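Participant: following is a predicted model, sequence given first.
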Amino acid sequence: MRRVKASTMDGVLQKVFGNPIPELYEAAVGHDASPALARALELRSFLALTEEQVARVRDRVHADMDPDRDMGELSADKLRFDAQWLEAALDARDGYRAALGELLCTMPPPDQRARPVRTAQLRATATLPPSTAPAPQRAGAARARRP
């Protein structure tokens, strides 16, 4: 079994779908898995990866700013690059959290499965009353061209 990285939305997903995250991944590969579960787990995977990137950049900046570190090793260019990287990762994280939250709010309840809808084929059986006005003589006839 592969290790599943944690995400900040795991508690919400477990509450909504009623199972721990590893079990949700197992259920998502089944042939009767709900599309909402599959999409939620896909977004969750992207979120977990993005949150890991945020943590790596944060840890790198903290290590660079350690008070015991040699001041000669400090680089403004490196810190600027890390700030840009962190901003991009935080934007992605916020986007994935928003998309996952929206999906969870708009999906049907987990216990409600999609069922084929049966509709009765209705047929029109009404007959039209006979027309009281006769059709004009030239009805449907092509007009002759005038020179």
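Facilitator: Arrived safely.
Participant: in the protein, mark out all the helices, start to finish.
Facilitator: Applying DSSP state H to the chain gives helices spanning 10-17, 21-28, 35-64, 76-106.
Participant: tell me which residues of the first one come out buried.
Facilitator: Residues of helix 10-17 classed as buried under the neighbour-count rule (16 or more other CB atoms under 10 Å) are Asp10, Val12, Leu13, Val16, Phe17. Backbone N, C-alpha and C define where each C-beta goes, glycine included.
Participant: want to throw the helices of the chain into CSV with mean pLDDT?
Facilitator: CSV is the format used below for those (pLDDT from 0 to 100):
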stretch, mean pLDDT
helix 10-17, 95
helix 21-28, 94
helix 35-64, 95
helix 76-106, 96
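Participant: closest one to Val4 among these?
Facilitator: helix 21-28 (5.5 Å; CB to CB).
Participant: what's next to the closest one, contact-wise?
Facilitator: Met1, Val4, Asp10, Leu13, Gln14, Phe17, Asn19, Ala33, Leu37, Ala38, Leu41, Arg44 (CB atoms under 8 Å, 6 or more residues apart in numbering).
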